[in-house]
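Peer 1: Just to be clear, the model below is a prediction. Sequence and coordinates:
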Amino acid sequence: MTGRENKKENDLFFTCSLIDYIARKTKNKRSAVVDALGKASVQKIYDLADVYHSDNIDTVSDSFIQSSSIPNGSFDNIAGARYAVPSHWDIGKVYKRLISGIAREKEIPVIDALFEAYHSFVSDKIDDYNSSFYYDAPQNILNAFLYGVIE
């Protein structure tokens, strides 16, 4: 372990932040972005995150948008936000914690947990910047995913 957290946790953080960045740039739901990328590209981002993190995020995102033929959509949770908008790094951290928790609790690979997280009702709640859900305690977000209810 180098730094404050495990390297793979940091790689997951970058992967989730890049997914959010691409989603904002193309105005797509996060689930549509992970579907368009597919498991192979998401795995590649995760495996090479330390390399991609050293490059310009616009260049990296454009490369994946083009190679995965991600079209422009109409989902714009930024324009509809009435309050301060969290950065793609902020949301990447929320998803990283959720995905790590899912992988741990369900004893599944991180990439499988990532696809489950982005395809869950919790993803819609995280991406609603007019609610307070995205900055709720990480365990509460994980529990909402695991038990199917928000308390």
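Peer 2: Sure thing, it's come through.
Peer 1: Let me see the backbone angles for Ser61.
Peer 2: Phi and psi for Ser61, reported as degrees, to the nearest 10, are phi -60, psi -40.
Peer 1: hang on, I meant Ile150
Peer 2: Torsion angles, degrees, to the nearest 10, at Ile150: phi -110, psi 120.
Peer 1: Contacts only, for it.
Peer 2: 125, 133, 144 (CB atoms under 8 Å, 6 or more residues apart in numbering). Every C-beta, even on glycine, is put in place using the N, C-alpha and C of the backbone.
Peer 1: Please tell me how far it sits from Val85.
Peer 2: Distance check for Ile150 against Val85: by CB to CB, to the nearest Å, it reads 21 Å.
Peer 1: Point out where the protein drops to low pLDDT.
Peer 2: 1-4 (pLDDT under 70).
Peer 1: what about 90?
Peer 2: 1-7, 54, 80-81, 83-84, 131-132, 135, 149-151 (pLDDT under 90).
Peer 1: wait, which of the contacts of Ile150 is closest to Ala113?
Peer 2: Nearest to Ala113 among these: Ala144, at 15.0 Å, using CB to CB.
Peer 1: my guess is that closest one contacts Tyr134, does it?
Peer 2: No: counting by CB atoms under 8 Å, Ala144 stays clear of Tyr134, with 11.5 Å between them.
Peer 1: who touches both of these two?
Peer 2: Lys125.
Peer 1: Can I get the host helix or strand of Ile99 in CSV, CA atoms only?
Peer 2: Using DSSP states H and E, Ile99 falls within helix 88-106. Extracted in CSV, the C-alpha atoms of helix 88-106 (Å, rounded to 0.1, in the frame of the first residue of the first chain):
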residue,chain,number,x,y,z
HIS,A,88,-16.8,14.1,-11.0
TRP,A,89,-14.1,13.4,-8.4
ASP,A,90,-16.7,13.8,-5.6
ILE,A,91,-19.1,11.4,-7.2
GLY,A,92,-16.3,9.0,-8.2
LYS,A,93,-15.5,8.7,-4.5
VAL,A,94,-19.2,7.9,-3.7
TYR,A,95,-19.3,5.2,-6.3
LYS,A,96,-15.9,3.8,-5.3
ARG,A,97,-17.1,3.3,-1.7
LEU,A,98,-20.4,1.7,-2.9
ILE,A,99,-18.7,-0.6,-5.3
SER,A,100,-16.0,-1.7,-2.8
GLY,A,101,-18.7,-2.4,-0.3
ILE,A,102,-20.8,-4.4,-2.8
ALA,A,103,-17.7,-6.5,-3.9
ARG,A,104,-16.9,-7.2,-0.3
GLU,A,105,-20.4,-8.0,0.9
LYS,A,106,-21.4,-10.1,-2.1
